[in-house]
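Student: return a 3D structure for these sequence lines:
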Amino acid sequence: MKRFALALAAALIAGPAAAAPLCDDLGFAGLLAKCNRGEPIQLTLASGQPIHAGSGPIELQSGAYYEIHITADGSAELAVMGPAFFRSVWLNEIVINDIEVRPMAVDSLEFDAAGTARISFVAIKPGSSELMIPGSTGDAQRVQFSIR
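Tutor: Purely as a prediction, here's the structure:
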């Protein structure tokens, strides 16, 4: 019982283990406040091209708002899937050709022609996940996300 009480006291003194949002005063808009937004993430779907130009995982902060812009060049019918990624975020909306969709859940998006989809979300669950082109095996055909 003493160990439990000591552990509880240490946890209360140490404070929360999760990362705080990007700004202190979220204001009227809450988590969607402008100061709580990370940089937009650009992904490209093109036959034989890497999905993301960067190397290493994309670091996201739990509680922060982000946008992913996925642009397909129309060179092939391609999809991007990531059920684990979509389960670790709260989806605000997906915008395709100025049509806003507010889904409860998503596993993948498929592009039959050239176009752009914008996914806005709040990162929630800490850990690692990925978005990838289904059926691909190369590292260039997937992008890793790390939510801290």
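Student: can I get the helix or strand hosting residue 109 in CSV? Just the C-alpha atoms.
Tutor: Assigned by DSSP states H and E, residue 109 belongs to strand 108-111. Provided in CSV are the C-alpha atoms of strand 108-111 (Å, rounded to 0.1, in the frame of the first residue of the first chain):
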residue,chain,number,x,y,z
SER,A,108,-8.3,4.3,-47.1
LEU,A,109,-8.8,6.8,-50.0
GLU,A,110,-8.5,5.8,-53.7
PHE,A,111,-7.7,8.1,-56.5
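Student: what's the next secondary structure element after that strand?
Tutor: strand 115-123.
Student: roughly how far out does that next one sit from the chain middle?
Tutor: 8 Å (Cα atoms, centre = their mean, to the nearest Å).
Student: which residue sits closest to residue 73 in space, ignoring its chain neighbours?
Tutor: residue 46 (4.4 Å; Cβ to Cβ, 6 or more residues apart in numbering). In short, each C-beta sits where N, CA and C put it, glycine included.
Student: can you pull the contacts of that neighbour?
Tutor: Neighbouring residues of residue 46 by Cβ atoms under 8 Å, 6 or more residues apart in numbering: 72, 73, 75, 76, 78.
Student: that one and residue 101: what is the separation?
Tutor: Distance, residue 46 to residue 101, using Cβ to Cβ, to the nearest Å: 24 Å.
Student: right, I'll leave it there.
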